[in-house]
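Student: Sequence and computational prediction follow.
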Amino acid sequence: MLTRALIVVLVILNLGVALWWLLRGEPASAPPASPVGVAQLEVLPSTQAPPAKATPVSAAPALQDVTPASASAPVTQPPVTTAAPATAVADMPAPTPAASVPAPAPVAAAPTPAAVPAPVTATPTPAQCVSLGPFTDRATAQTAQSRAGGALRGAKLREVADAGATRYRVLLPPAASREEAQATVKRIVAAGVSDYYIIAQGEDTNAIALGQYRNREGADRRLSALSAAGFKATMVASGGDGSAQWWLDATLAEGTDPAVARQRSGAAQHRSLECARLR
C-alpha cells in the first residue's frame, strides 16, 4: 500500500514539473554590454500633438469681395511641433574635445659670456749672487766694483783674514755651562743639523764645533745653512801666513752671466754666493 502511494506521488511531481517547463516562456535575453567610452542611445517619447480638425470654410462667389458681418473670424491653427526622430539623435556627432593648446616654445637661454683669461704674469727669475776676487787690497777691490758698473747690484767689499789658511772650523760660541750647551745641541738636532760635538776643554770649553773644512767655500756654505736655521756661528781659520784678501760680493743684474761680470771687473775668479749673506 505504501509503495503505491509513493508511485502516485512521484507521478504527480513529474506531471507538475513537465507542466511548469511548458508554461515558463522564453527567458529574456540580456542586452549586449556597451563598449567603454561610447554614449548610449536613448529613445525620447514622441511629443507630436494630434492634428487639429479642419474647419470647413464656405466658398464665396468669385466676384463677391464683401464678407458678411456675421461671418466668423478665421480660425488660427496652433503651431505643430515636430519631434526629432530617434535616428536623428543617434546620428548627432559626439562633442569634439577642445583643441589642445600648443605648449609655448622654450625660450633659449642667454649665452654665457666667455671667461676672460687672466693675464699671464712672467715668473720672476731668482736672484743670483757671486763673489769676485781675490784682490790684494781694498783699493783694488773698489776699482773692480767701478769697472763692473751695472752688472752688479748691492755690491759689498769683504776682507778675508788668514787667506792662506789650510783649515777652517765652524763654531758656536762657548755656552755659560755644560747644561746650556746641551740644550743648544737639542735645538740643533731639532733643526736637522748633523756633525756637531761639545768641546770639553781648552779656551773653547762648552763651545759647539759644527765642522772643519780644508777650503773656505765649504765653511761658507756651512755658515749659510746654520744662519738659515737660526744659529749664529763663526768661522775660525788656522795655518797659512796670515795674509789678507779682499772679495767683491754682489747680486748679478737680471740677465747678466757671472763670467761677463768677472771679465768686466778684472777679477781672477768668481764663486757662487748665498744671497742671504748680502742682507
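Tutor: Perfect, thanks for sending it.
Student: now do the same end-to-end measure for stretch 262-279.
Tutor: This stretch, stretch 262-279, spans 22 Å end to end (Cα to Cα, to the nearest Å).
Student: On the C-terminal side of whichever helix or strand residue 211 is part of, identify the next helix or strand.
Tutor: Under the criterion of DSSP states H and E, residue 211 resides in strand 208-213. Moving toward the C-terminus from strand 208-213, the next helix or strand (DSSP H and E) is helix 216-228.
Student: If I take that next one and strand 208-213, what angle do their directions form?
Tutor: For helix 216-228 against strand 208-213, the angle by axes from the mean of the first three to the mean of the last three Cα atoms, to 10 degrees is 150 degrees.
Student: Give the next helix or strand downstream of helix 216-228.
Tutor: strand 234-238.
Student: Given that following strand, what are its sheet partners and their directions?
Tutor: Strand pairing for strand 234-238, using DSSP bridges, gives strand 167-172 (antiparallel).
Student: Show residues contacting the strand it pairs with.
Tutor: The contact list for strand 167-172, computed with Cβ atoms under 8 Å, 6 or more residues apart in numbering, reads 184, 204, 207-216, 218-219, 222-223, 226, 231-239. Quick note: C-beta positions are derived from backbone N, CA and C, even for glycine.
Student: give me that answer again for 10 Å
Tutor: 162, 181, 184-185, 188, 195-196, 198-199, 204, 206-223, 225-226, 231-240 (Cβ atoms under 10 Å, 6 or more residues apart in numbering).
Student: show me the contacts for the residue nearest to residue 165 when sequence neighbours are not counted.
Tutor: Counting by Cβ to Cβ, 6 or more residues apart in numbering, residue 165 lies nearest to residue 237, which is 3.6 Å off, once chain neighbours are set aside. Applying Cβ under 10 Å, 6+ apart to residue 237 gives the contacts 160-169, 213, 216, 219.
Student: what's the pLDDT at residue 237?
Tutor: The model reports residue 237 with a pLDDT of 83.
Student: how far away is it from residue 277?
Tutor: Residue 237 is 17 Å from residue 277, where distance means Cβ to Cβ, to the nearest Å.
Student: what's the next secondary structure element after the helix or strand of the chain with the lowest mean pLDDT?
Tutor: Among the helical and strand segments of the chain, the one scoring lowest on mean pLDDT, DSSP states H and E is helix 86-91, with a mean of 42. Once the chain leaves helix 86-91, the next helix or strand it forms, by DSSP H and E, is strand 129-135.
Student: between that following strand and helix 216-228, how big is the angle?
Tutor: Using the same axes, to 10 degrees: strand 129-135 against helix 216-228 is 140 degrees.
Student: helices or strands next to strand 129-135 in the packing?
Tutor: helix 138-148, strand 152-160, strand 245-252, helix 258-265, strand 269-273 (3 or more Cβ pairs under 10 Å, 6 or more residues apart in numbering; DSSP states H and E).
Student: repeat that for 6 Å
Tutor: In this structure, strand 129-135 makes packing contacts with strand 245-252, helix 258-265, strand 269-273, judged by 3 or more Cβ pairs under 6 Å, 6 or more residues apart in numbering; DSSP states H and E.
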